[in-house]
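**Student:** have a look at this prediction, sequence included:
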Amino acid sequence: MDVTCFRQASPARQLMNLVDIPVLMITSESGYHTLYDDCTASYLEQAGLAVTHIYLADVGIRGNGHMMFMEANRMHIAENVVQKWLMSVFRYCLPKRANTEPVR
């Protein structure tokens, strides 16, 4: 299916209240957003946001739909995609702790 991505006219308006907040977009293999999530990420980047866009299939997680947080492998996604991203983005913001095991 062909999707048209909309972009702002130049100079693009910036989302000033969000520019300092990292954004993670996760796209599943069969969610209905799959067709246009690239457009959404591109639009947000044009508006000044730092967007990390991860396709679950690219990290070996196949078959999920849009409601991946309700599916059987939700903890695998949370631990191996979301938590990994959070730790890479916010590792310098976390207080040092003796126990570095993930909180469950």
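**Tutor:** Looks like it came in fine. Numbering: from 1, shown residues only.

**Student:** those strands in the chain, which residues are they?
**Tutor:** 23-27, 51-55 (DSSP state E).

**Student:** low-confidence regions, the protein specifically.
**Tutor:** Within the chain, the segments meeting pLDDT under 70 span 1, 92-104.

**Student:** mind redoing it with 90?
**Tutor:** Across the chain, the ranges flagged by pLDDT under 90 are 1-3, 30-34, 90-104.

**Student:** pick the most deeply packed of the strands of the chain.
**Tutor:** Using mean count of other C-beta atoms under 10 Å, the stretch among the strands of the chain with the greatest mean number of neighbours is strand 23-27 (a mean of 17). Glycine gets a C-beta too; all of them are placed from N, C-alpha and C.

**Student:** what helices or strands is the helix of greatest length in the chain leaning on?
**Tutor:** Counting by DSSP state H, the longest helix found in the chain is helix 37-46. The helices and strands touching helix 37-46, judged by 3 or more C-beta pairs under 8 Å, 6 or more residues apart in numbering; DSSP states H and E, are strand 23-27, strand 51-55.

**Student:** I appreciate the help and will end here.
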